[in-house]
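Visitor: How does the following fold in three dimensions:
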Amino acid sequence: MLDEILVSFNNKYNREAVADDHLRLTDTDRKYIQKVENYLKDNLLNSFPGNEAIAEKVGVSPTKLKNDFKTIHNQSIYQYYRHHQMTLANKLLIEKAATVKEVANLLGYENASKFAAVFKEQFGVLPSSLIKTYVKA
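Guide: The predicted structure follows:
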């Protein structure tokens, strides 16, 4: 019981610490982060441009961009991009809009096995088993 209370307290403390970091960001900082979010979501079918190119696009230093983005999202820019890519892949596969190989190619993966490994890392299942699950249903 005591362990559960300590874990709960620790989680609450960590959430509040992240919230405190949010306070140091200005409205301008939040606006350029939002531009980055929109840019990444609009370019999920393109290869990841890199932090330097993104920073140049929004007019801030790569270090400031990385730090501020992590403050808001608690993950790196690339992790955010990859998460949204895999969410799109999941949607395409569930809707049977494309095969695993087609989705892998669409998202710029060298081969379907590399795509499948990233997909499994995020969703805990291989994309092929996801298709089989929905075909049976």
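Visitor: Residue nearest the middle of this protein, spatially speaking?
Guide: Taking C-alpha atoms, centre = their mean, the centroid of the chain lies closest to residue 80, which sits 2.4 Å from it.
Visitor: Which residue is the nearest non-sequential neighbour of that residue?
Guide: Nearest non-adjacent residue to residue 80, counting by C-beta to C-beta, 6 or more residues apart in numbering: residue 73, 5.5 Å away. Bear in mind the C-beta positions are built from the backbone N, C-alpha and C, glycine included.
Visitor: And for residue 48?
Guide: Nearest non-adjacent residue to residue 48, counting by C-beta to C-beta, 6+ apart: residue 81, 5.5 Å away.
Visitor: Check residue 100 too.
Guide: Take residue 100 and drop its neighbours on the chain: the residue closest to it by C-beta to C-beta, 6+ apart is residue 127, 4.7 Å away.
Visitor: hang on, the earlier thing: how close does the residue nearest to residue 48 sit to residue 113?
Guide: 21 Å (C-beta to C-beta, to the nearest Å).
Visitor: Quick one: the helices in this structure, in order.
Guide: Counting by DSSP state H, the chain has these helices, from start to end: 2-23, 27-42, 51-58, 62-73, 77-94, 100-106, 112-123, 127-136.
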